[in-house]
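*Asks:* Predicted coordinates and the sequence they were generated for:
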Amino acid sequence: MGTPSEQPLIVGGKRLDGRAMDELRPITITAGVLNRANGSAYLTWGRNKVMAAVYGPKEVFPKHETDPYKAVVRCRYLMAPFSTDDHGRSGPNRRSREISMVIKEAFANVVVAEVYPKTAIEVYIEILESHGSTRVAGLTAAAVALANAGIPMRDLPIGVSIGKIDGQVAVDMQKEEDNFGQADMPLAIKPTTGEIVLLQMDGKMTRSEFEQALDMAYAKVDEIHELQVAALKEYFDRAAVMPQEE
Amino acid sequence: MTKLVTPGDLLLDRPVRNPYTFVKAEKTYAAVVGMFDPEQGRFMPIKGSYLPMVGDDVIGVVEEEKVIGYGINLFSPYKGLLSSKGLRFPFEPNNIILAQVSEVSEVKDIWLSRPMKLEGGEIIDIAPTKVSRVIGKHSSMLNVVKAATKCDILVGKNGLIWIKGPNQQKAAEAIEKIDREAHLPGLTDRIMEFLGVSPEEVAAMAAQQPQRSSFEAGRDEGQREERGGFGGRDRGGFKGRDDRGPRRDYGDRGPRRDYGDRPRRDAPRESPAGTGSSGEQQPAEQAQASERGSGQ
């Protein structure tokens, strides 16, 4: 959420890119795109392009961060300098460190970390092109990458964002809606149980709007989850016929 | 009919604990992507790291020499440790060894024993979850590859496979094919087709080529099962600096064992000898012995 919009974000019942209020942008997911990572996924979500890679379980460095009872889940979310309209600075910043932390905590609730004590599971999320709601796109891609790496998980979490634009609740915020809308709420949900593992909110929504937003998010869970499962299935079918080049 | 399951999918209505599943409310759910056969209740994970189990034969690379032995890279999240105590031959970094997991500690220290150096050949790396497919039922799959390529093949449970023989490349390709297609049915037939052999030929070749037991023969059996501490070689004598701290507290050892009230067997034997050194003690012992004896 940024400054209020000068131009309307909803024209004739449709949003700027012609979507309905409860319509997602087109999503594609490809699993297993990187050869050197244990697991990886490439996701496009509207104009967002996200690459996620998972390494591990592996030895923990620095050693003092080792947990003798379970694996340490680590996450790095980074936006490439060329991912935005203005060329950004490379490397982590305050925003990316916060997002890394919330995504790490979401996955720490999902990964069965007790199976691999004394190890680290590292999740890297690189935003190659950003157009709003990149943290949920990154989380959705990272979940596929984790499953692709064979990391034991209790669920395959999905991310989806909800917001308020021109006084109406809408699903899947794109860049202009995020910047000029009234509220933005990224959510991550475990599809099989419906538990929420990530929830942030920027802006203002009334209680009834918040509840409406949650309902809209839950209505989209299966749609996104099915895409994740299809990507994993497609990967294992593809891996069977195509020799992997080293 | 097997189907692909993803993390969080319900597998069974009863609890089965396994690294690749998790149990919630007495039901078993898949924790990784894998193939599940609901009729047989069999779940095969497609990927996963090696989890050490006592008794596993593993293949590893000697990585470093330590004071206590060797650090072995097992291509798993955990390093193997091979004690040099009792080893007949030293190893060098980059040696490839086959060894058995003898102990896995609570914090996943993997102790190895019975090492055997693998000379020559090559190692390939597959998913540890597919090792069982490479071996096959009663090692049927492995016999096909061995017979068709006339290679010596050793399969480590950690997913490393050592191949040595005339058709190393072909054998490696066949095993990589098994790794890729492990979740698809009719695998043995496809591998036979890939290697260009028929089942009859495999049987004939296997009969012709007796099972070589290089696996057992080369083991370093000189490695003794030995523990430091009490008894054994280290008993008695000067044990180095006196920095061992206070003696361990063994607590109350309970009442003495009951030997009955017969006289000690050695007591009467010593008395007739009657050498002077402990002359004063002997009558007392004798008296005690006779006292006990009279009670009988």
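*Replies:* Arrived safely. Keep in mind it's a predicted model, so treat the numbers as computed, not measured.
*Asks:* Assign residue 145 to helix, strand or coil.
*Replies:* Picked chain A for this. State at residue A:145, reduced to three classes by DSSP: H, G, I helix; E, B strand; the rest coil: helix.
*Asks:* Correction: the question concerned chain B.
*Replies:* Secondary structure, three-state DSSP: residue B:145 is helix.
*Asks:* which one is residue 108 nearest to, not counting chain neighbours?
*Replies:* Since no chain was named, I'll use chain A. residue A:73 (4.8 Å; Cβ to Cβ, 6 or more residues apart in numbering or on different chains). For every residue, glycine as well, the C-beta is placed using N, CA and C.
*Asks:* could you do chain B instead?
*Replies:* Distances taken as Cβ to Cβ, 6+ apart put residue B:78 closest to residue B:108, at 4.7 Å, once the chain neighbours are dropped.
*Asks:* Can you get me a residue count around the one you found?
*Replies:* 23 (other Cβ atoms under 10 Å in any protein chain shown).
*Asks:* How about residue A:51?
*Replies:* Neighbourhood size, residue A:51 [other Cβ under 10 Å]: 21.
*Asks:* dump the residue contacts of it.
*Replies:* By Cβ atoms under 8 Å, 6 or more residues apart in numbering or on different chains, the residues touching residue A:51 are A:33, A:34, A:40, A:41, A:42, A:43, A:125, A:126, A:128, A:141.
*Asks:* Can you go through those and name the buried ones?
*Replies:* The neighbour-count test (16 or more other Cβ atoms under 10 Å in any protein chain shown) marks A:33, A:34, A:40, A:41, A:42, A:43, A:125, A:126, A:141 as buried among those.
*Asks:* What is the neighbour count of whichever residue of the stretch 151-296 of chain B sits closest to chain A?
*Replies:* Going by Cβ to the nearest Cβ, chain A is nearest to residue B:181 of the stretch 151-296 of chain B, at 4.9 Å. Neighbour count for residue B:181, taken as other Cβ under 10 Å: 19.
*Asks:* ok, back up a step: who's the residue nearest to residue A:108 bridged to?
*Replies:* Judged by DSSP bridges, the bridge partners of residue A:73 are residue A:121.
*Asks:* give me the number of residues near it?
*Replies:* For residue A:73, the count of nearby residues is 23 (other Cβ under 10 Å).
*Asks:* Grab the most central residue of chain A for me.
*Replies:* By Cα atoms, centre = their mean, chain A has its centre lying nearest to residue A:139, at 2.4 Å.
*Asks:* The helix or strand where it lies - what's its average pLDDT?
*Replies:* Assessed by DSSP states H and E, residue A:139 sits inside helix A:134-148. Mean pLDDT, computed over helix A:134-148, is 96.
*Asks:* Would you quantify the distance from residue A:37 to chain B?
*Replies:* As judged by Cβ to the nearest Cβ, to the nearest Å, residue A:37 and chain B stand 12 Å apart.
*Asks:* what stretches of chain A score poorly on pLDDT?
*Replies:* Residue ranges of chain A with pLDDT under 70: A:1-5, A:240-246.
*Asks:* go again using 50 as the cut-off
*Replies:* Applying pLDDT under 50 to chain A picks out residues A:243-246.
*Asks:* In it, which residue sits closest to chain B?
*Replies:* Closest contact between chain A and chain B, by Cβ to the nearest Cβ, is at residue A:150 (3.0 Å).
*Asks:* residues touching the residue nearest to residue B:142 when sequence neighbours are not counted, list them.
*Replies:* Distance criterion Cβ to Cβ, 6+ apart; nearest residue to residue B:142, sequence neighbours excluded, is residue B:135 at 5.1 Å. By Cβ under 8 Å, 6+ apart, the contact list for residue B:135 reads B:141, B:142, B:155.
*Asks:* next one: residue A:156
*Replies:* Shown in contact with residue A:156 (Cβ under 8 Å, 6+ apart): A:143, A:144, A:147, A:191, A:225, A:228, A:229, B:6, B:7, B:8.
*Asks:* what about the helix or strand following the helix holding residue A:139, near chain B?
*Replies:* Once helix A:134-148 ends, the next helix or strand along the chain (criterion: DSSP H and E) is strand A:158-165. No - remark: strand A:158-165 sits outside contact range of chain B, by Cβ under 8 Å from any Cβ of the partner chain, the gap being at least 11.2 Å.
*Asks:* Hey, what's the angle from strand A:158-165 to helix A:134-148? Just curious.
*Replies:* Strand A:158-165 runs at 170 degrees relative to helix A:134-148, counting by axes from the mean of the first three to the mean of the last three Cα atoms, to 10 degrees.
*Asks:* which other helices and strands contact strand A:158-165?
*Replies:* Where contact means 3 or more Cβ pairs under 8 Å, 6 or more residues apart in numbering or on different chains; DSSP states H and E, strand A:158-165 is packed against helix A:134-148, strand A:168-171, helix A:175-180, strand A:183-189, helix A:207-241.
*Asks:* and chain A, which residues reach chain B?
*Replies:* With Cβ under 8 Å from any Cβ as the criterion, chain A comes near chain B at residues A:38-39, A:56-59, A:68, A:112, A:115-119, A:147-156, A:190-193, A:228-229, A:232-233, A:236, A:239-240, A:243-244.
*Asks:* Can you tell me which of those are classed as buried?
*Replies:* Applying 16+ other Cβ under 10 Å to the residues of chain A next to chain B, the neighbour count classes A:38-39, A:56-58, A:112, A:115-119, A:147-156, A:190-192, A:228-229, A:232, A:236, A:239 as buried.
*Asks:* so where's the stretch 51-200 of chain B shaky on pLDDT?
*Replies:* Across the stretch 51-200 of chain B, nothing is flagged by pLDDT under 50.
*Asks:* what residues does it put near chain A?
*Replies:* Residues of the stretch 51-200 of chain B lying near chain A by Cβ under 8 Å from any Cβ: B:51, B:77-79, B:107-108, B:127, B:129, B:176, B:180-181, B:183-184.
*Asks:* and residue A:125, what element?
*Replies:* Under the criterion of DSSP H and E, residue A:125 resides in strand A:119-129.
*Asks:* Leaving out the residues flanking it, which one is nearest to the residue of chain A closest to chain B?
*Replies:* Counting by Cβ to Cβ, 6+ apart, residue B:47 is the residue found nearest to residue A:150 once chain neighbours are left out, at 3.0 Å.
*Asks:* packing partners for the helix or strand that contains residue B:207?
*Replies:* Assigned by DSSP H and E, residue B:207 falls within helix B:199-208. Applying 3+ Cβ pairs under 8 Å, 6+ apart, one finds that helix B:199-208 contacts helix B:140-149.
*Asks:* counting contacts, what elements does the helix it packs on pack onto?
*Replies:* With contacts taken as 3+ Cβ pairs under 8 Å, 6+ apart, helix B:140-149 sits against helix B:131-135, strand B:152-155, helix B:168-181, helix B:187-195, helix B:199-208.
*Asks:* Walk me through the domains of chain B.
*Replies:* Following automatic domain parsing, chain B resolves into domains at B:3-45, B:57-118, B:122-210.
*Asks:* out of those, nearest to residue A:99?
*Replies:* When the domains of chain B are compared by Cβ to Cβ, domain B:3-45 sits nearest residue A:99, at 22.8 Å.
*Asks:* can you pull the contacts of residue A:161?
*Replies:* Counting by Cβ under 8 Å, 6+ apart, residue A:161 makes contact with A:132, A:133, A:136, A:171, A:172, A:173, A:178, A:184, A:185, A:186, A:187.
*Asks:* Help me confirm that residue A:192 comes into contact with residue B:22.
*Replies:* No - using Cβ atoms under 8 Å, residue A:192 makes no contact with residue B:22, being 11.6 Å away.
*Asks:* Identify the contacts common to those two.
*Replies:* Residues touching both residue A:192 and residue B:22 (Cβ under 8 Å, 6+ apart): residue B:29.
*Asks:* Give the buried residues for stretch A:82-97.
*Replies:* In terms of neighbour count (16+ other Cβ under 10 Å), stretch A:82-97 has its buried residues at A:83, A:96.
*Asks:* Centre of the chain to that stretch, how far?
*Replies:* Here stretch A:82-97 shows a centroid-to-chain-centroid distance of 17 Å under the convention Cα atoms, centre = their mean, to the nearest Å.
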